[in-house]
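Engineer: Predicted model follows, preceded by the sequence.
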Amino acid sequence: MKIGVIGLGYVGLVTAACLANNGHQVIGADIDRSKIERLHRGQAPIYEEGLDELLAQARAQGTIEYMTDIAQAIKESTILFVAVGTPSLPDGSANLDYVWDICEQIATYGQDGQLIILKSTVPAGTTDAFAERLIQNNHTRFLDVIHNPEFLRQGQAVHDFLHPDRIVIGYENESVIPMINKLYHFSEAPIQFCRRTSAELIKYAANSFLAMKISYINMFSQLCEAFGADISDIAKGIGTDPRISPHFLQAGVGYGGSCFPKDIQALIQLAKAHGHTLPLLEATQQINRRQMTHFTEKLEQRLGTLDRKRIALLGLSFKPHTDDIREAPALRFCEICMAKGANILAYDPLVRAFPYAHVKLVSDPYACMEGANALVILTDWPEFRTLNWQRVCALLREPLLFDGRNLFSTQEIKFLSQSHPLEYHSIGRPHVKVFETAHQVR
Ligand SMILES: NC(=O)C1=CN([C@@H]2O[C@H](COP(=O)(O)OP(=O)(O)OC[C@H]3O[C@@H](n4cnc5c(N)ncnc54)[C@H](O)[C@@H]3O)[C@@H](O)[C@H]2O)C=CC1
Ligand SMILES: O=C(O)[C@H]1O[C@H](OP(=O)(O)OP(=O)(O)OC[C@H]2O[C@@H](n3ccc(=O)[nH]c3=O)[C@H](O)[C@@H]2O)[C@H](O)[C@@H](O)[C@@H]1O
């Protein structure tokens, strides 16, 4: 029995690699020829911890093959995962073109008894409509079309796929249950069987709740700044209540990534199309946007102007341990600062390409600091915690550190400032200014 995975982005590739190492024979298919060529050469087209090893093992075992021929992948597979992208349309709603393209191909090449698993994040009603289109356009008897949302996080995607908290299956036909149990035999997570539309909404509800939690703490960070309170104390003070939990309470310049911004926007549009409003999510978006505006305003205020100021930027990816810059806060930071005339030199441990030609990428964190008016951190890469501060202070024109991720505790920064002339600004905490006269401003 072969399992086909169509669409080898983050979700598809991790799904294919994990299943191929857990007793399944997998076909990975994608229309992107260069991706498939790279995979044939043994190179993963994305960076994800542990993925290269899994793909190499599957290759050595002969449990994975790749192809650009989607029709062949459909014909040969008993179970077919659909993991193509569902990006935003200009109005923010989900673009389902890739999903319908695959649906058409399955209608043409599908086989009797096949199980179709829609893994892409799709608006409520899409899986029902997918199944309906197959029935209308094909006389084959598919076992079922189910929705199995994916909850993995980039940067720990392999771990999350192999050790999920839960597996959600939106289905129609009871007879898929044993097949699903066998498919996910490697996981001890509870499997929640529910209606297809419920499964679709669970995915949106999870992402928007997490984003809302981030915006909630970020909303408080602004209040903390107004009252001289410390947002880390607030997060600790509420996070110890198990009903709230400490997760996703890290204040910062806001959430980014390929999913939170896109999914919240898609959900708002979906609700709107059905006559509903989602004010909590509209506020979530608004706070997220305000967070970066506020951060750049503080930087501008401290420097007097951003015009012709030189900014050393550490961190471009939307979160650590990935090279993904989709909707990364760094993009908006650069847009705002460049529009005000700033020059930006940036370093990121993994990002090698950035869409703004005016942002010069350097290959060493210290290389962006020489003569800079401020050092700005936008991604919480652990390695930024262990910089050589003596070197940093010697390189910077002004010893200003704007930490957009609260990478250091107030205690740590107070300790650091005893021996280094750093002025430290962060999110939702009083700024620390020690050694005021020790550093000669060049
Ligand atoms: N990136 C993530 O961490 C997560 C993503 N998701 C959801 O999973 C879905 C996929 O996301 P990503 O993996 O990030 O997408 P992606 O954009 O990285 O990859 C999608 C892949 O599908 C391929 N594709 C498009 N049309 C195709 C077609 N007709 N035939 C074959 N291949 C085709 C593209 O070439 C690309 O390689 C989205 O709906 C996303 O919201 C869900 C959970 C986590
Ligand atoms: O649907 C998806 O694609 C995925 O979206 C998120 O995963 P991901 O985008 O990989 O990253 P997160 O770790 O959730 O972080 C998202 C953003 O929120 C920010 N964040 C996160 C946590 C926090 O406390 N504060 C905060 O600002 C991060 O810096 C990052 O920019 C969800 O966590 C996954 O469960 C989901 O499957």
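Structural biologist: Alright, I've got the coordinates. Ligands and ions are numbered 1, 2, ... in the order given.
Engineer: Could you use CA atoms for every contact and neighbour count after this?
Structural biologist: Noted.
Engineer: Tally up the residues packed near Cys259, please.
Structural biologist: 20 (other C-alpha atoms under 10 Å).
Engineer: Please name the residues that touch the residue lying closest to Trp100 once chain neighbours are set aside.
Structural biologist: Using C-alpha to C-alpha, 6 or more residues apart in numbering and skipping the chain neighbours, the partner closest in space to Trp100 is Phe130 (7.6 Å). Phe130 is in contact with Trp100, Cys103, Val145, counting by C-alpha atoms under 8 Å, 6 or more residues apart in numbering.
Engineer: Looking at neighbours, which among those residues is most surrounded?
Structural biologist: Neighbour counts for those (other C-alpha under 10 Å) peak at Val145, which has 26 neighbours.
Engineer: State whether it is indeed within a helix.
Structural biologist: No - Val145: not assigned to a helix; according to DSSP: H, G, I helix; E, B strand; the rest coil it is strand.
Engineer: Find the residue at the geometric middle of this structure.
Structural biologist: Gly257 (3.7 Å; C-alpha atoms, centre = their mean).
Engineer: ok, and the closest non-adjacent residue to Pro246?
Structural biologist: In space, and not counting its chain neighbours, Pro246 is closest to Gly239: 3.9 Å by C-alpha to C-alpha, 6+ apart.
Engineer: hang on, the one you found packs against Gln250?
Structural biologist: No - if you go by C-alpha atoms under 8 Å, Gly239 and Gln250 don't touch, sitting 10.3 Å apart.
Engineer: Next up, phi/psi of the closest residue to ligand 1 within the stretch 251-400 of the chain, please.
Structural biologist: Nearest residue of the stretch 251-400 of the chain to ligand 1, counting by C-alpha to the nearest ligand atom: Cys259, 5.5 Å away. Phi and psi for Cys259, reported as degrees, to the nearest 10, are phi -120, psi -50.
Engineer: so what's it scoring on pLDDT?
Structural biologist: pLDDT, Cys259: 96.
Engineer: gap between whichever strand or helix holds Ala394 and the chain center?
Structural biologist: Assigned by DSSP states H and E, Ala394 belongs to helix 389-395. Its chain's C-alpha centre and that of helix 389-395 lie 32 Å apart, by C-alpha atoms, centre = their mean, to the nearest Å.
Engineer: Which residues does that helix contact?
Structural biologist: Tyr366, Met369, Glu370, Gly371, Ala372, Pro399, His420, Pro421, Leu422.
Engineer: One more: stretch 158-173?
Structural biologist: 14-15, 18, 48-51, 143-149, 151-153, 186-200.
Engineer: Next: stretch 267-277.
Structural biologist: Residues contacting stretch 267-277 (C-alpha under 8 Å, 6+ apart): Asp91, Gly92, Ser93, Pro123, Tyr204, Leu278, Leu281, Glu282.
Engineer: Specify the local secondary structure of the residue nearest to the centre of the chain.
Structural biologist: Counting by three-state DSSP, the backbone at Gly257 sits in coil.
Engineer: Once you drop chain neighbours, what's closest to the residue of the stretch 251-400 of the chain closest to ligand 1?
Structural biologist: Asn207 (7.8 Å).
Engineer: Wait, a helix at the one you found?
Structural biologist: Yes - using three-state DSSP, the assignment for Asn207 is a helix.
Engineer: Alongside ligand 1, which residues does this protein contribute?
Structural biologist: By C-alpha under 6 Å from any ligand atom, the residues of the chain that approach ligand 1 are 6-12, 30-32, 83-86, 98, 101-102, 120-121, 150-154, 258-259.
Engineer: Now with 8 Å, please.
Structural biologist: 6-13, 29-32, 35, 68, 70, 83-87, 98-99, 101-102, 119-122, 149-154, 157, 258-259, 262-263 (C-alpha under 8 Å from any ligand atom).
Engineer: Any of the residues you listed buried? List them.
Structural biologist: 6-13, 29-30, 35, 68, 70, 83-87, 98-99, 102, 119-122, 149-152, 154, 157, 258-259, 262-263 (16 or more other C-alpha atoms under 10 Å).
Engineer: returning to that earlier point: quick check: next helix or strand after the helix holding Ala394?
Structural biologist: By DSSP H and E, the next helix or strand past helix 389-395 is strand 400-403.
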